[in-house]
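*Asks:* Need coordinates for the following:
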Amino acid sequence: MFLRNHWYVAAWDYEIADKPFARRLLDEPVVLFRGSDGTVTALEDRCPHRRAPLSIGRLIAGDRLQCHYHGLEFDRSGQCVRAPSQADIPAAMRARTYRVVERYHWVWIWMGDPALADEADIPDFHFLSTPDKWGAKGTVMHVKANWQLIVDNLLDLTHLATVHVTTIGNAAIAEKAQARVSRTQKGVLMTRWVMNAPAPPTYVKAGGFTTNVDRWQFIDFTPPAFLRLHVGGVPTGTGAPDGPLEGGIHMRNLNAITPETETTSHYFWAQAHDFDIHNPATTEMVFGQVREAFLEDVAIFEAQQRIIERDRGPPEVDIAADAAQIQARRILAQLYESERGGDRAVGR
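*Replies:* Next up, the predicted model:
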C-alpha cells in the first residue's frame, strides 16, 4: 500500500510537546511526545494490553507514557516498566517504536525496516532553518485525497494558468513555457522557463515588477513524495536564462506529503523567499498568497478523489505536460516492486 523504507515528515516541531500527540501515518496509529530532555519519541498508538490508544494517556515524570485504561507505563523504548496490578511484567508487553529525527523544523519518521534507516537519506530542506538567508513560513494541511494526486499536481504546473489566475498563475505559464524533463540520481527534475511574459499577481506584489519578466520553475522530485521548487523571475532582458538572475525575486516552495490512509494525506509545505527576509509582513504576504493557491489545489485533489472512489472509469489519457509525472510514477513503481521483492524474500 505504501513505500515504508523511506523517511516521512510526521509533524512540525512545534506540534510536539510534553503531552501525547496522535497522528495516523501510512495507515498506522502513531503517538509522539517530547521527553524531559526535549527529544521526540514515537510509539505505536496502541497499548499492547487491550489496544487502548496511548495518546489519550499522560506522561509520567516526563519520560514514561501511561495508558489511560489500566495505568500501564511505557518508557521511551516502548517497554512496559510498570503495571499497577502486578510486579512481574511480561517481556512482550512492549509498544512498537519508530526512529525519529528532528531536522529543518520537521520531525521525520522511519516506519519501515529499522536496519535500513539512514539519516543521510533525509532530503535537504535547509531553507526552513537558515533565517539569516531565507524568510520562511509553513503549515500542514489535511487533504481528503491520495498522496499521489498531490505529487502529480506539483510536477505539472500548467494548471497555474487556470486554477491560480488570481495569485501565482497566468496564461503564459501553460502557453509559452519552455519545458524539459531530466532524471536525477534519485528522482526527476522539471525545468520550465517562461520568457518575456507578464508577471503573475503574486510576483507583482512580491517583486514590484512593472515590466514583463523572464520566469523560471525548477521542480525537483525525490521519492516517495518530496518536491522542492525553485521559482522566481527577473525583468526581461536582464540576462535570463544564462545570466546571474539578479534584480528579481527567488523563492523556494517546499513540499513533503505523508500518506495518512489510501484516501487521505498530510500535506506539509512552506514558502521561503530571499528578499526582505527580516520583514514578517513580507513573509506573511508571500505565505498567504501561496496558501490561497494551495487551498484551490486542495479543492481539485478532493474532487478528483471523489470521482475515483465513485467510479474509476476508463484509463487516464496522458498529454505532453505529464512528462514529469510519468517519470516520477515509473520511479515509484520500481520502488514498490523492490520493496515487495524484499518482503517476499523474508516471507512477509
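*Asks:* domains in this protein, as residue ranges please.
*Replies:* As given by automatic domain parsing, the domain ranges for the chain are 7-118, 135-313+320-336.
*Asks:* Let me have those in JSON lines, extended by mean neighbour count.
*Replies:* Where C-beta positions appear, they are placed from N, C-alpha and C, glycine not excepted. Shown next, in JSON lines, are the domains of the chain (neighbours: other Cβ atoms under 10 Å):
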{"stretch": "domain 7-118", "mean neighbour count": "17"}
{"stretch": "domain 135-313+320-336", "mean neighbour count": "18"}
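*Asks:* looking at these, which has the lowest confidence?
*Replies:* Lowest mean pLDDT within the domains of the chain: domain 135-313+320-336, at a mean of 91.
*Asks:* all helices of this structure, in order?
*Replies:* Residue ranges of the helices in the chain, as given by DSSP state H, are 147-155, 160-163, 172-175, 201-207, 280-310, 323-345.
*Asks:* quick one, which of the ones you listed is nearest to Trp12?
*Replies:* Closest to Trp12 of these is helix 280-310 (Cβ to Cβ; 13.9 Å).
*Asks:* Show me where the stretch 51-200 of the chain has its strands.
*Replies:* In the stretch 51-200 of the chain, the strands defined using DSSP state E, counting those that start in this stretch lie at 58-60, 64-66, 73-74, 80-82, 97-103, 106-110, 135-143, 178-183, 188-197.
*Asks:* Give me the contact list for the fifth one.
*Replies:* I take that to be strand 97-103. The contact list for strand 97-103 (Cβ atoms under 8 Å, 6 or more residues apart in numbering) reads 7, 10, 13, 30, 32, 39-44, 76-78, 107-111, 114, 117, 119, 122, 125, 129.
*Asks:* still on that earlier bit, turn the domains of the chain into a markdown table, columns for distance to Met1.
*Replies:* Converted to a markdown table, the domains of the chain look like this (distance: least, Cβ to Cβ, whole Å):
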| stretch | distance to Met1 |
| --- | --- |
| domain 7-118 | 7 |
| domain 135-313+320-336 | 6 |
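*Asks:* Surely Arg94 and Arg76 touch.
*Replies:* No. In this structure, Arg94 is not within contact of Arg76 by Cβ atoms under 8 Å, at 12.0 Å.
*Asks:* Spatially central residue for this protein, please.
*Replies:* The centre of the chain sits closest to Ala256, judged by Cα atoms, centre = their mean, with a distance of 1.2 Å.
*Asks:* Could you measure from it over to Ile307?
*Replies:* Distance from Ala256 to Ile307, counting by Cβ to Cβ, to the nearest Å: 26 Å.
*Asks:* surely Pro259 meets Leu3?
*Replies:* No. At 9.1 Å, Pro259 does not count as touching Leu3 under the criterion of Cβ under 8 Å.
*Asks:* which residues touch Gln148?
*Replies:* By Cβ under 8 Å, 6+ apart, the residues touching Gln148 are 329, 332.
*Asks:* and of the strands of the stretch 51-200 of the chain, who's closest to Glu302?
*Replies:* strand 135-143 (6.8 Å).
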